[in-house]
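>>> Predicted model and sequence follow; I will ask about them next.
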Amino acid sequence: MCVFAAGATGLFGLGAGASNAFLANLGLQGFTTRQKNRRAQKAADYQYEAAVRSAESAERAFAQQQEGLAANLKETRAAKAQERLEATLQGQQARGSIAATEGLSGRTAQLLSRDAIRQSANLRNSINQTMQGATRQYRRNALGLLAQRDSRRNSAIDIQNQAYNTARQNSSGIFDLLGAGVKSYTGLRGLA
């Protein structure tokens, strides 16, 4: 730290000793303020970077969860399509078996064939309803994931804003230093 004398009358109308004390005090306050601002800026930078990483993590998690839901829905659709095909085949086999049975009158065979068609259609309809329910559940789950991602991103943005505000508040340190200098000066001049 460099302390200098400003002639016999001193700096700002203070005596030489008071000027040196004033400058030394102001220099010490400036050094302290600068160190405090550096620490606060480092903390704000760290907080900001952590928020950015958190937002990126939310995006990756959303993408992976969405991919898992889509894969699950695709597998469910494939399984239900297979079940529908089996129901159709069972109905056709039942109708073929009824037609091949000897001794059935035309009216009885027709009733049994209609019943086999109805049972096959009911089974396919049940499978379709299950698939529609799975699709609706997929949509609800996807919306839930979207809300979860948005919540995590909003939290990260809040942290980023806090870091920005902290950094901005610490940049006012020069005004604190000037205020301390004026207070010290008025104290030395006896104006306080």
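Cool, got the structure. This structure is a prediction, so every number in the text was calculated from the model and none was measured.
>>> In contact with Pro86, which residues?
Rather than Pro, residue 86 is Glu. By CB atoms under 8 Å, 6 or more residues apart in numbering, Glu86 lies in contact with nothing. From N, CA and C alone the C-beta is placed, and that goes for glycine too.
>>> let me redo that: Ala94
Applying CB under 8 Å, 6+ apart to Ala94 gives the contacts Ala116, Gln119, Ser120.
>>> Check Arg38 too.
Counting by CB under 8 Å, 6+ apart, Arg38 has no contacts.
>>> Do a quick rundown of the strands in the protein.
For the chain, applying DSSP state E gives no strands.
>>> Most neighbours among the contacts of Ala94, which one?
Taking other CB atoms under 10 Å as the neighbour criterion, Ser120 ranks highest of the contacts of Ala94 with 21 neighbours.
>>> my guess is that residue contacts Arg84, does it?
No - with contact defined as CB atoms under 8 Å, Ser120 does not reach Arg84; the gap is 9.8 Å.
>>> Below-threshold pLDDT in this structure: ranges please.
1-23, 25-26, 167, 170-192 (pLDDT under 70).
>>> rerun at 90
1-55, 91, 94-114, 116, 155-192 (pLDDT under 90).
>>> ok, the most far-flung residue of the chain relative to its centre to Ile117 distance?
Distance from the centre of the chain peaks at Gly103, with 71.4 Å (CA atoms, centre = their mean). In this view, Gly103 and Ile117 are 21 Å apart by CB to CB, to the nearest Å.
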